[in-house]
Each structure stands twice: as C-alpha cells, then as structure tokens.
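J.: Could you work out the structure for the sequence below:
(one chain, ligands or ions: 1)
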Amino acid sequence: MNRFRPYYKYLLTVRWQFGMGVLAGLVYAVASGAGLPLMTKVVFPMLFPDHNAKAQKWWVVMIQEKLHLMEIAPNQLLIITCLWIPVIFAIRALAGYANSILIQYSGLRVVEAIRTDLFTKLQYLPLSFFKKNKSGDLLARLMSDTEVLRQVIVQNSSDLIKQPATLLSALGFLGYLAMENRSIFVALIALVTVPVCVMVIRIAGKRLIVRARSLQQRGGDLTAALSESLQSPLEIRAYNLEGRQVGMFRGRVREMLRLTMKVARYRQAISPTIEVVAACGFAAALYFGANNGMRLDDFITLGMALYMSYEPIKKLGMVHSQLKQGAAAAERIEFILHEPEGLLDPVKPEAYTPPSKSIRFDNLSFAYGEEPVLKDLNLEIPIGQVVALVGPSGAGKSTFAHLIPRFYDPQSGSIRFDGTDIRGFAKKDLRNSIAVVPQMPSLFLGSIAENIRIGRERASDEEVREAARRANAHDFISSLPEGYETQVGERGDLLSGGQRQRIAIARAFLKDAPILILDEATSALDSESEGMVQQALAALVRGRTTFIIAHRYSTITIADRILVFQQGRIVGDGNHETLRETDPIYQSMIGSQFLGAGV
Ligand SMILES: Nc1ncnc2c1ncn2[C@@H]1O[C@H](COP(=O)(O)OP(=O)(O)OP(=O)(O)O)[C@@H](O)[C@H]1O
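T.: Residues are numbered from 1 along each chain as shown. As a prediction, the model looks like this:
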C-alpha cells in the first residue's frame, strides 16, 4: 500500500465519502466476522436446546429464565430468535452496499483527479518532451493506464476495507472462542495456514508485477501503433503498407494476449491455492477438535469463524494481485507526472511591455542534445522589421525562431527585448504578444469560427469575419454550406493545405500581436491558393516585427532583411538586392531547390 501513498492526497477532497465508506466497511466486517459466527453460537443453542441440563450452556439457561420472567411465549421467542438471522444479514448487506458505493465513488474521483492532473501537466510540459515521446505512447499512458487504475479501484473497492476488517474481526472472534472453550489449540492449528496463504499471495504478487509491467508497456506500444496507422492513411496506401501494418498489429495483439494470459494464470492461481491450504487447516482443526471431545455446535461456530477468516484472505489475495497491476500502471503514469517542468517562470517576473526598440540576440548558442544547433549568434532586429530566415534544411532556422516565444531556452547567451532578458518575463505575457503560424497548422475539433477565435477568445463574430477577410479566407468559408459553423475534422483534413494556412493567418490577424513568427509551408499549394496565402501574409506582416522561415522566393520579396543560416551560424545578413550581389552562398541558394522555382 505504501506504493500508493503519494496518491492519498487525492482522497482529501472526498474525505467524507471515504470516511463513511470505511465506517460502513467496519460495520460489515463486524457483522460478518463476528456477527455470523456469534449468530450460530447464540441462535442455534436457543432454537435447539440441549435437553441434557448439564450440557446446557449457562447463558442459554440465563436467557431462558429472563424470558420466562418477561412472560414471552415460546413461539414469540422462536420468532425473535429466528429474526436474528435476517437482521444480521440485512445489516451486513446494507453496510456492504454503502461501503462499495462510497469507496468506489471516492476511487473514481481519485482517478478523475489523476487524469486531470496528467492532462494539465501535459499542457505545461516543454515542447521538447513531445519531440522525445511518441504521442501514441503518451495517449496510452493518459487513457489506458488511468483506465487500469480505474478498474483496479472499481473491482476492489468493495474488498479494500471490508476484507481486512472482516479478517481482523473473525480472528478476534476466534481468539475469544479459543479462550472461552480452551480450544485455543484447535484454532491455532487452523490458523497456521494463514502465513502459508500470505506466502502464496506474496510470491504470486511478485511474479505478477513483472508481467503486469510488460503488459502495460505492450498496451502502450499497441496504442502507439494504432495512432500511427490512423495518422498516416496516405503513406500506408501510397507505399502499399496495408499488409505490413496488419502484420505488425497482429503480432502486437498476439503478444498482448500472451502477456494477459500470464498475468491471468498467476492471478487465478491465488484463490484455489488458498482454498486448498485452508481446507487442510480446517481438516486438521476438525481432527484435533473431534479428538478433544469438541461438541458439534461449538465446532460449527468455530468452523464459521474459520471460514470468515479464510474468505477475506482469499479475496485479499486477489486484491493484492490487482494492486500490483495498478502499481505497474501508476509507474507509467508517474513517468509523466514526475517529468520536470523546465522553462519555469521567474519567481518575480518583470512587468511586460512589448519591445519598442529592438530584439537582440547576444552570444546565443543552443543544442537539443550534445550537438550544437545554433552557435554563438549575435544580432539586433529593430522593431517592425520583417526578417526572412533562409538556409538549407536542418540549418537551425526553426530552432532560432522557436527560442523567441521560449519554446526552448538557450544553453548560453540570451534574447533581449529592449535590453531585458526574455527569461525575466512570465511566459504567458511573452507569448501573448507573439503570434505563431506554423508550417502545418493544427485545427482543433469545433467550427471554423471557433478555430479562428483561438486567436482572441472574446472576439465578436464580426471581428472573426474581418480577420478571415484579411486572411483571404472569408470567401471560401462563406461558400461552404454551413459557412463559419462548418465543423472541421480532427486535423482539418476536410480543408486543403492553403485553406488551413489561411485560417491560421486569420487567427494571427485576430490575435493582433506585435511580433510574428511564420513557418512557411514547404509543400506546394495550388497557384490560386498560394497567391491568396502570399497576399494574406504580406498584409499580416505589415507593422509587425516578423520572422518568416521562408521557403519561397515570393516570400523573400516582402522581407526587409534576410538572414542566411548554415550549420547553426548566420552566414549572410542583408536585404535581397545586396545579398544577391555580394553573397555567394545566397546566390547559390536562390538558384537551387531551397526556395523553390520562383526566381
Ligand atoms: N526536437 C529535436 N531534438 C533533437 N534534434 C532536433 C530537434 N529539432 C531539430 N533538431 C535538429 O536540429 C537541427 C536544426 O533543426 P531545425 O528544425 O531548426 O532546422 P531548419 O533549418 O528549420 O530545417 P527545415 O527547413 O528542414 O525545417 C537539425 O539538425 C535537426 O535535426
């Protein structure tokens, strides 16, 4: 249980329900572990009194005398005595029900809180985390592993409190019986089997966690494979990969089945093993009890109390095995929960105002791993300048642009807005003043209007339309049957690349941020769409400090300044005309594939 200690804090929000659930479990336990055996001890001798006066229990005689004094007729006594049975069972049933429901509710609230924490954590983790980890694997951790936790809680909620408490109360009752009847020896014989049972549980549990870990891991791989398949339908068809994908999937499913059966074999072995061990203990108790002249009614009571101890041990064995599986899921969840956040905000952020003079890059170096990607860059960009970043693939253009909104922090050097290091500002303030139009803009589930409104949540319908107009998107949106209310698919696949880009540009118009980062699409758009995008971009950059990762010649023409990147360094800096005249690298670049065939 210590394994789950970090999660106890989640119980605080449901402490009342949990507390009541525990209480109900205790009532159930006392009713089962002591109430039922006590029932056989009290009810049976009353119903079937021993006519041999000597053998009559002293308290049966006493109760009978008292009832006689109270003038209760024998058939009334019979009714009262018989009622004991349904009353005890009713108390037990009600308490058991309340316990299961309340503990299950508390457990589910805990899983809900863990899921939300996980999701929240994922929203704040740095971009590098998502580059390092496959989205399918993260999805599996978020959904499947929390689902395993949920199932563990649902399936065990009714046993988690009730069974240990029943065991304790039955053991307590056994102790009392042993003392009263001096049959301690008989009870002890039966109880030696308890440690054997516990041993069985522990051994099975240890083997189980190893298998459960691999099972969960393979489950993650399976989800990753699934999401990969769903994300790449085009490549799968284009390269005839259908058979390969199906084969891979079949292999993974088979492996899951193999591991699931391994887990099941260990888990299902626990209960029968405990039953056999318990039966041996019971038989031994029977043998010694009979040999020592134990009476039938005493033995029934003892038998009932023994049964009430073995039953919880058996159930606890199952609970233990499930908790092991839960622990394996918890490990995978903690991989995300314990990931350091990185890119923290300063304790006392500087008051933010967008830069009014310049953005300066001082001795800036950056590496994702060992290999430096940007090397000691020094430059100053006056506010309002439109800067195109050009250079071969992998030269470091995107990385450079991504340092400005602090998607990453440099290892050395700094970026300064009017002299202030941007790490001194709160990330939220900084990012509020930067609009980013990525190469492949993501559209969120929802309508086109909602997707544009991401730029500014409170924008009116008219402002959304105006932004779309400026982005050259209004006409195509209006021509759709449902216009701005058209629902876009998960990745916006219902829209063409150029249309998606224009929606992203409309978002940026709406955001109206003074700094702009544009990553131009490398893929070719049809010429009409391309013209529209170019026009929209030209309008968008006006009056904003802009960094465009440019892949097209036409884009360079709207830039005031061009930075030529090569292997993490800036090897050319100037306007188009000057560079074309003086910079051989730039000259070879505009003649080559990098900027398309627009020269
Ligand atoms: N998340 C990452 N982890 C490790 N290395 C990375 C990561 N992102 C980029 N790189 C590496 O950093 C270098 C620069 O990449 P970057 O994306 O900045 O280049 P780029 O000039 O924008 O290229 P492109 O025009 O193809 O987008 C490349 O060698 C790339 O492999």
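J.: Report the separation between Ala330 and Leu563.
T.: Ala330 sits 48 Å away from Leu563, going by CB to CB, to the nearest Å. C-betas here are computed from N, CA, C, even on glycine.
J.: In three-state terms, how would the most centrally placed residue in the chain be classified?
T.: Against the mean C-alpha coordinate of the chain, by CA atoms, centre = their mean, the closest residue is Leu142 at 2.8 Å. What DSSP: H, G, I helix; E, B strand; the rest coil gives for Leu142 is helix.
J.: Could you list the low-pLDDT ranges of the stretch 251-400 of the chain?
T.: 297 (pLDDT under 70).
J.: hey, where'd the helices end up in it?
T.: With DSSP state H, counting those that start in this stretch, the ranges of helices along the stretch 251-400 of the chain come out as 296-337, 397-403.
J.: And the ligand, is the last one touching that?
T.: Going back to what we said before, that points to helix 397-403. Yes. Using CB under 6 Å from any ligand atom, helix 397-403 reaches the ligand at 397-399.
J.: Format the residues you listed as a markdown table; extra columns: neighbour count.
T.: Formatted as a markdown table, the residues of helix 397-403 next to the ligand follow (neighbours: other CB atoms under 10 Å):
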| residue | neighbour count |
| --- | --- |
| Lys397 | 24 |
| Ser398 | 19 |
| Thr399 | 19 |
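J.: Could you save these as JSON lines and add columns showing distance to Asp117?
T.: What follows is the residues of helix 397-403 next to the ligand, written out as JSON lines (distance: CB to CB, whole Å):
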{"residue": "Lys397", "distance to Asp117": "36"}
{"residue": "Ser398", "distance to Asp117": "31"}
{"residue": "Thr399", "distance to Asp117": "31"}
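J.: And the residues you listed, which is closest to Met199?
T.: Thr399 (57.4 Å; CB to CB).
J.: what's around Ala435, how many residues?
T.: Neighbour count for Ala435, taken as other CB atoms under 10 Å: 25.
J.: Oops, could you answer that again for Thr420 instead?
T.: 17.
J.: Same check on Pro164?
T.: 17.
J.: that's a helix at it, yeah?
T.: Yes. Counting by three-state DSSP, Pro164 is found in a helix.
J.: Please list all residues in contact with it.
T.: 312, 316 (CB atoms under 8 Å, 6 or more residues apart in numbering).
J.: Lys134: neighbour count?
T.: Using other CB under 10 Å: Lys134 sits among 16 other residues.
J.: surely it meets Ala224?
T.: Yes. Using CB atoms under 8 Å, Lys134 is in contact with Ala224, at 5.0 Å.
J.: Give me every residue in the chain lying close to the ligand.
T.: Residues of the chain lying near the ligand (CB under 6 Å from any ligand atom): 128, 131, 368-369, 373, 391, 393-399, 565.
J.: Of those residues, which is the most crowded?
T.: Of all those, Gly391 has the most neighbours under the rule other CB under 10 Å, reaching 26 neighbours.
J.: My read is that it contacts Ile590, right?
T.: No. If you go by CB under 8 Å, Gly391 and Ile590 don't touch, sitting 11.6 Å apart.
J.: Look at Asn472 and tell me its secondary structure.
T.: Under three-state DSSP, Asn472 comes out as coil.
J.: That one and Val488, how far apart?
T.: From Asn472 across to Val488, the span is 18 Å (CB to CB).
J.: Among these two, which residue is more densely surrounded?
T.: Asn472 (23 against 20).
J.: and the more buried one, what is it in contact with?
T.: Contact partners of Asn472, counting by CB under 8 Å, 6+ apart, are 502, 505, 532-533, 535-536.
J.: In contact with Phe400: list those residues for me.
T.: Contacts for Phe400 (CB under 8 Å, 6+ apart) come out as 374, 377, 389, 547, 565.
J.: tell me which of those is nearest to the ligand?
T.: For the contacts of Phe400, the residue nearest the ligand by CB to the nearest ligand atom is Phe565; the value is 6.0 Å.
J.: What sits closest to the residue of the stretch 101-250 of the chain found nearest the ligand if chain neighbours are left out?
T.: Taking CB to the nearest ligand atom, the ligand has its nearest neighbour within the stretch 101-250 of the chain at Lys131, 3.5 Å off. The spatial neighbour of Lys131 that comes closest, neighbours along the chain excluded (CB to CB, 6 or more residues apart in numbering), is Tyr368 at 7.8 Å.
J.: pretty sure the one you found is touching Leu127, no?
T.: No. Assessed by CB under 8 Å, Tyr368 is found out of contact with Leu127, at 10.6 Å.
J.: list the residues that contact both of these two?
T.: Shared contacts of Tyr368 and Leu127, counting by CB under 8 Å, 6+ apart, come down to Tyr408.
J.: Can you show me the helices along the stretch 101-250 of the chain?
T.: Under DSSP H, counting those that start in this stretch, the stretch 101-250 of the chain gives helices at 127-132, 135-140, 146-160, 162-181, 184-191, 193-231, 233-238, 242-291.
J.: okay, those in CSV with distance to Leu38 next?
T.: What follows is the helices of the stretch 101-250 of the chain, written out as CSV (distance: least, CB to CB, whole Å):
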stretch, distance to Leu38
helix 127-132, 59
helix 135-140, 50
helix 146-160, 23
helix 162-181, 7
helix 184-191, 15
helix 193-231, 21
helix 233-238, 67
helix 242-291, 19
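J.: wait, which of these is closest to Asn363?
T.: Comparing the helices of the stretch 101-250 of the chain by CB to CB, helix 127-132 comes nearest, at 21.7 Å.
J.: Need the residues that contact that closest one.
T.: Under CB under 8 Å, 6+ apart, the answer for helix 127-132 is 138, 339, 342, 368, 402, 407-408.
J.: ok so, going back, return the closest of the contacts of Asn472 with respect to the ligand.
T.: Looking across those and measuring by CB to the nearest ligand atom, the closest to the ligand is Val533, at 17.8 Å.
J.: Quick check: the closest one is in a helix.
T.: Yes. According to three-state DSSP, Val533 belongs to a helix.
J.: and it, how many residues sit next to it?
T.: With other CB under 10 Å as criterion, Val533 counts 27.
J.: distance of the residue nearest to Val148 when sequence neighbours are not counted from the ligand?
T.: Of all residues not flanking Val148 in the chain, Ala329 sits nearest, at 4.0 Å (CB to CB, 6+ apart). Plainly put, Ala329 is 28 Å away from the ligand if you go by CB to the nearest ligand atom, to the nearest Å.
J.: And Ala329, how close does it get to Leu142?
T.: As defined by CB to CB, Ala329 lies at a distance of 11 Å from Leu142.
J.: related to what we said a few turns ago, can you put the contacts of Asn472 in a markdown table and add pLDDT and distance to Ala93?
T.: Formatted as a markdown table, the contacts of Asn472 follow (pLDDT from 0 to 100; distance: CB to CB, whole Å):
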| residue | pLDDT | distance to Ala93 |
| --- | --- | --- |
| Arg502 | 88 | 65 |
| Ile505 | 90 | 65 |
| Met532 | 76 | 71 |
| Val533 | 77 | 69 |
| Gln535 | 80 | 74 |
| Ala536 | 82 | 69 |
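J.: Just the buried residues of those.
T.: Using 16 or more other CB atoms under 10 Å as the burial test, these include 502, 505, 532-533, 536 as buried.
J.: Run through the residues that contact Ile448.
T.: Neighbour list for Ile448: 477, 480, 483-486, 488, 503 [criterion: CB under 8 Å, 6+ apart].
J.: mind redoing it with 6 Å?
T.: 477, 484, 486 (CB atoms under 6 Å, 6 or more residues apart in numbering).
J.: Could I get the phi/psi values of it?
T.: phi -60, psi -40 (degrees, to the nearest 10).
J.: And the lowest mean pLDDT element among the helices and strands of this protein?
T.: Every helix and strand of the chain was ranked by mean pLDDT, DSSP states H and E. The lowest is helix 184-191, at a mean of 66.
J.: can you redo the helices of the stretch 251-400 of the chain as TSV with distance to Gln163?
T.: Output for the helices of the stretch 251-400 of the chain, formatted as TSV (distance: least, CB to CB, whole Å):
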stretch	distance to Gln163
helix 296-337	4
helix 397-403	54
